[in-house]
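**Student:** got a predicted structure plus its sequence, pasted below:
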Amino acid sequence: MAIRLKPVDVVLVGMGWTGSILAKELSAAGLRVVGLERGGWRETVPNFQSPAMHDELRYAVRHGLMQDTSRETLTFRNNVRQDALPMRQLGSFLLGDHVGGAGVHWNGQVFRFHPFDFQWRSHHVERYGADIIDPELTIQDWPVSYDELEPYFDRFEYLCGIGGKAGNLRGEIQPGGNPFEGWRSREFPNPPMKLAYGGKLFADAARAQGYAPFPVPSANLTRNYTNPEGLRMNACTYCGYCERFGCEHFAKASPQTSILPLAMQNENFELRTHAHVTRVNTAGVGGLATGVTYVDARGREYEQPAELVILCAFGIHNVRLLLLSGIGEPYDPRTGEGVVGRNYSYQTMSSVDIFYPPDTHINPFMGAGALGMVIDDFNGDNFDHSELGFIGGAYIAAYTTGARPIEHHAVPEDTPRWGAAWKQAVARYFNNNVGLTIHGSSMAHRANYLDLDPTYRDAYGQPLLRMTFDFPANDKRMSHYVTARAAEIAEAMGGEQVSVSEVDEHYSIVPYQSTHNTGGAIMGVDPASSAINRYLQSWAAHNVFVMGASAFPQNPGYNPTDTVGALTYWAAEAILNDYVKNPRPLVDA
Ligand SMILES: Cc1cc2nc3c(=O)[nH]c(=O)nc-3n(C[C@H](O)[C@H](O)[C@H](O)COP(=O)(O)OP(=O)(O)OC[C@H]3O[C@@H](n4cnc5c(N)ncnc54)[C@H](O)[C@@H]3O)c2cc1C
Ligand code: SF4
């Protein structure tokens with residue numbers, strides 16, 4: 001029997017980026033807010049300090065900061081003809097756990113989506129005609145525009161203290177920035193990161209081929225900075241233990257460094273750690289939410305009543321909680337009907353490596369999560385697709401994120417995969433290698449979706465999430481095309497060998513690709529084809545809001561978190577200025 005707790009105004013499920021922003025915003029407005037986080041408390045001092053934090057085996061290889069798959073995991077299959085099997089270890093993506101979520105161990109590459117990304121279907125139909133879109137792709141326009149979100153992108157970027165160079169200031173193209181980007185109301189709060197040698201070699205070759213390289217916008221702070229909330233961060237030391245690690249220097253924007261301390265100081269906010277939410281409770285089938293049920297570390301079950309339930313648990317966990325709670329119709333790939341689980345998308349990744357003579361010292365061990373140079377020329381619809389047979393694109397970047405001793409072992413493709421010759425090649429090329437990342441879009445496809453697994457259960461006895469996903473043919477064509485462009489740049493970068501790693505024929509959940517899982521509870525204008533409206537409010541229960549990249553109708557080429565942050569501020573404003581004053585559906589169905 002669950003212990004029933006005192007009702008509150010708002011319960012937040014999950015305390016990563018989205019939960020932390022909402023905790024601060026809603027409690028500052030006077031609402032009584034409880035944040036429930038399944039993991040434990042952690043903060044920069046003492047949890048992220050050296051030398052313990054620079055333990056590659058513990059954190060990068062054994063995923064010490066991430067979801068414990070012995071308690072909760074997901075099952076996976078490429079298509080409905082296969083039996084889905086549980087992931088015993090994290091692989092293709094690294095799900096966050098504990099306070100701060102994946103915002104603690106992210107890289108901090110902070111890109112805005114393009115204006116056309118928000119009108120993805122109508123933009124293509126208008127420019128190329130409807131035939132360019134494979135009928136199996138269930139891509140949709142977003143119900144919100146770039147212009148509407150611009151102030152909220154700006155707010156998230158100033159919160160994080162992003163270092164970068166604007167390419168488009170209020171419609172004026174700026175030298176040194178990205179000429180393809182949407183307009184910005186002002187310059188980045190901080191200057192770009194330093195130029196690593198690998199990035200320079202790439203930028204020089206790309207520029208010589210007529211492209212427009214620019215520095216990756218970075219949440220690794222480029223100088224000491226006090227954000228608009230009054231929180232102070234330090235300059236990055238380029239320590240190279242960034243992606244998959246917490247930052248010991250307060251130099252990587254994260255919930256802990258950028259926003260959460262303010263919520264923690266507010267007596268309207270209460271954080272409960274080791275509180276694993278198992279379902280959203282509703283007043284009968286199709287009724288409003290009445291609160292949530294959670295289980296603490298000792299296995300005791302609690303019911304937390306609340307006027308408003310906001311899911312901030314990360315995209316795929318949000319989808320699972322909706323499915324477990326019966327909020328919204330589950331998607332059925334046979335009929336194409338139902339909305340929860342629909343349009344699950346990912347990212348389409350490939351890479352190109354350039355190997356240099358021994359006297360070309362790249363020094364890749366001096367790096368940071370978002371240190372790099374990038375071109376946008378083959379991203380989105382920045383290039384003419386009329387004769388190409390696909391839509392979408394990818395950015396090409398030379399990142400120097402830190403060559404750590406265990407996992408950094410790029411070798412030319414003709415090298416034996418093990419033994420003395422492999423070891424010699426690893427030593428030979430450790431300091432003489434630059435990698436290019438081709439970071440591509442992922443189109444929603446009718447056959448890719450999320451539902452509940454009929455066989456496997458978690459430590460609480462609940463069905464695991466089942467992921468059914470494979471790369472659509474459209475995305476493989478896109479990836480091959482952009483990878484070939486990256487290889488052309490690589491050939492001009494002055495190395496002695498180039499190795500190309502194309503996207504796999506079928507998606508494998510084993511090798512790491514990116515933690516950019518999107519869709520499953522997408523936003524839209526029609527309850528028949530979307531789970532939430534333009535304010536991230538559930539069509540099925542108007543006092544449930546769903547934050548995070550689960551809202552994306554499909555996934556553009558860029559990394560998601562700038563858009564996740566912008567949407568969180570956008571939804572917070574709608575909740576505070578409109579919803580709590582008059583609780584109702586904010587958009588008519
Ligand atoms: C290695 C890595 C690198 C990345 N690099 C980048 C990058 O460079 N740029 C970029 O844009 N994005 C990047 N990302 C993605 C980025 O981290 C996420 O987009 C972002 O953190 C999502 O925020 P969120 O609040 O939606 O979810 P999260 O940060 O994952 O927070 C969700 C929280 O909810 C908790 N939770 C889950 N289920 C429950 C439950 N049932 N009950 C209670 N609590 C629950 C989790 O423990 C977690 O703390 C990266 C991710 C990883 C893992
Ligand atoms: S590279 Fe910079 S931001 Fe990243 S963990 Fe090291 S000091 Fe922090």
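**Tutor:** That came through, no problem. Ligands and ions are numbered 1, 2, ... in the order given.

**Student:** spell out which residues of the stretch 151-300 of the chain are next to ligand 2.
**Tutor:** Counting by Cβ under 6 Å from any ligand atom, the stretch 151-300 of the chain comes close to ligand 2 at 220, 236-239, 241-242, 245, 247, 249, 251-252. All C-beta atoms are positioned from the backbone trio N, CA, C, and that covers glycine.

**Student:** just the buried residues of the residues you listed.
**Tutor:** 220, 236, 238-239, 241-242, 245, 247, 249, 251-252 (16 or more other Cβ atoms under 10 Å).

**Student:** for A219, give me its contacts.
**Tutor:** Neighbour list for A219: 106, 108-110, 160-162, 252-253, 369-370 [criterion: Cβ atoms under 8 Å, 6 or more residues apart in numbering].

**Student:** tell me the spacing between it and Y158.
**Tutor:** 12 Å (Cβ to Cβ, to the nearest Å).

**Student:** ok, now E243?
**Tutor:** 23 Å.

**Student:** what sits against the residue in the stretch 101-250 of the chain that ligand 1 sits nearest to?
**Tutor:** Proximity of the stretch 101-250 of the chain to ligand 1 (Cβ to the nearest ligand atom) peaks at G101, 2.3 Å away. Residues near G101 by Cβ under 8 Å, 6+ apart: 14-17, 19, 255, 314.

**Student:** could those go into a markdown table alongside distance to S350?
**Tutor:** Shown next, in a markdown table, are those (distance: Cβ to Cβ, whole Å):
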| residue | distance to S350 |
| --- | --- |
| G14 | 31 |
| M15 | 34 |
| G16 | 28 |
| W17 | 27 |
| G19 | 33 |
| P255 | 31 |
| F314 | 25 |
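
**Student:** verify the contact between T226 and R232 for me.
**Tutor:** Yes: using Cβ atoms under 8 Å, T226 is in contact with R232, at 4.8 Å.

**Student:** what do these two both touch?
**Tutor:** With Cβ under 8 Å, 6+ apart, T226 and R232 have no common neighbours.

**Student:** how long is stretch 292-305 end to end?
**Tutor:** For stretch 292-305, the separation between the terminal residues is 6 Å (Cα to Cα, to the nearest Å).

**Student:** same thing with stretch 489-497?
**Tutor:** Termini of stretch 489-497 sit 13 Å apart (Cα to Cα).

**Student:** quick check: chain neighbours aside, which residue is closest to the residue of the stretch 351-500 of the chain found nearest ligand 2?
**Tutor:** Ligand 2 sits closest to A368 of the stretch 351-500 of the chain, with a gap of 3.5 Å, by Cβ to the nearest ligand atom. In space, A368 comes closest to N220 once its chain neighbours are excluded; the distance is 4.2 Å by Cβ to Cβ, 6 or more residues apart in numbering.

**Student:** what pairs with that neighbour across the strands?
**Tutor:** K252 (DSSP bridges).

**Student:** surely it and F250 touch.
**Tutor:** No: between N220 and F250 there is no contact under Cβ under 8 Å: 11.4 Å.

**Student:** hmm, back to that, neighbours of the residue of the stretch 351-500 of the chain closest to ligand 2, just the number please.
**Tutor:** By the measure other Cβ atoms under 10 Å, the count of residues near A368 is 33.

**Student:** next: R32.
**Tutor:** 18.

**Student:** and for L576?
**Tutor:** 16.

**Student:** how close does the nearest residue to A398 once chain neighbours are set aside sit to V510?
**Tutor:** Leaving out its chain neighbours, the residue that sits closest to A398 by Cβ to Cβ, 6+ apart is F202, at 3.5 Å. As judged by Cβ to Cβ, F202 and V510 stand 28 Å apart.

**Student:** who has more neighbours, those two?
**Tutor:** Of the pair F202 and V510, F202 is the one with more neighbours under other Cβ under 10 Å, namely 30 against 11.

**Student:** and that one, that's in a helix?
**Tutor:** Yes: the assignment for F202 is a helix, going by DSSP: H, G, I helix; E, B strand; the rest coil.

**Student:** list the contacts of it.
**Tutor:** 213, 373, 397-398, 434, 436, 489, 493.

**Student:** in the protein, where's the longest helix?
**Tutor:** Taking DSSP state H as the criterion, the chain has its longest helix at helix 473-491.

**Student:** what residues does it touch?
**Tutor:** The list of residues contacting helix 473-491 from outside it, by Cβ under 8 Å, 6+ apart, reads 134, 137, 202, 205-206, 209, 211, 348-350, 352-354, 377-378, 388-394, 396, 436, 438, 440-443, 471, 498, 500, 502-503, 505.

**Student:** out of the residues you listed, which sit inside strands?
**Tutor:** 348-350, 352-354, 394, 396, 436, 438, 440, 498, 500 (DSSP state E).

**Student:** by neighbours, which of the residues you listed wins?
**Tutor:** Ranked by the number of neighbours (other Cβ under 10 Å), the ones in strands among the contacts of helix 473-491 place I396 first, at 32 neighbours.

**Student:** for ligand 2, what are the nearby residues on the chain?
**Tutor:** Counting by Cβ under 6 Å from any ligand atom, the chain sits next to ligand 2 at 220, 236-239, 241-242, 245, 247, 249, 251-252, 368-369.

**Student:** measure the residue nearest to A398 to ligand 2 for me?
**Tutor:** 19 Å (Cβ to the nearest ligand atom, to the nearest Å).

**Student:** for E37, same thing?
**Tutor:** 22 Å.

**Student:** list phi and psi for the closest residue to G96 other than its chain neighbours.
**Tutor:** Leaving aside its chain neighbours, G96 sits nearest to A102 (3.2 Å; criterion: Cβ to Cβ, 6+ apart). In this entry, A102 is assigned phi and psi values of phi -70, psi -10 (degrees, to the nearest 10).

**Student:** what about A102, how many neighbours?
**Tutor:** Count around A102 with other Cβ under 10 Å applied: 21.

**Student:** and the helices in the chain?
**Tutor:** Secondary structure of the chain (DSSP H): helices located at 17-28, 44-47, 56, 120-128, 146-160, 197-208, 255-258, 260-265, 315-325, 419-429, 473-491, 561-574.

**Student:** okay, buried residues for the longest one please.
**Tutor:** Spelled out, that is helix 473-491. Buried residues in helix 473-491 (16+ other Cβ under 10 Å): 474-479, 481-483, 485-487, 489-490.

**Student:** any idea how far it is from the chain center?
**Tutor:** In this view, helix 473-491 has its centroid 22 Å away from the chain centroid, taken as Cα atoms, centre = their mean, to the nearest Å.

**Student:** what residues does the stretch 1-150 of the chain have near ligand 1?
**Tutor:** 13-19, 36-39, 94, 96-98, 101-103, 105-109.

**Student:** I'd assumed E248 was in contact with Q49.
**Tutor:** Yes: with contact defined as Cβ under 8 Å, Q49 reaches E248; the gap is 5.1 Å.

**Student:** thinking again about what came up before, with pLDDT as extra columns, can I get the contacts of F202 in a markdown table?
**Tutor:** Output for the contacts of F202, formatted as a markdown table (pLDDT from 0 to 100):
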| residue | pLDDT |
| --- | --- |
| P213 | 98 |
| M373 | 98 |
| A397 | 98 |
| A398 | 98 |
| V434 | 98 |
| L436 | 98 |
| I489 | 98 |
| M493 | 98 |
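
**Student:** filter these by proximity to ligand 1?
**Tutor:** Okay, of those, nothing touches ligand 1 (Cβ under 6 Å from any ligand atom).
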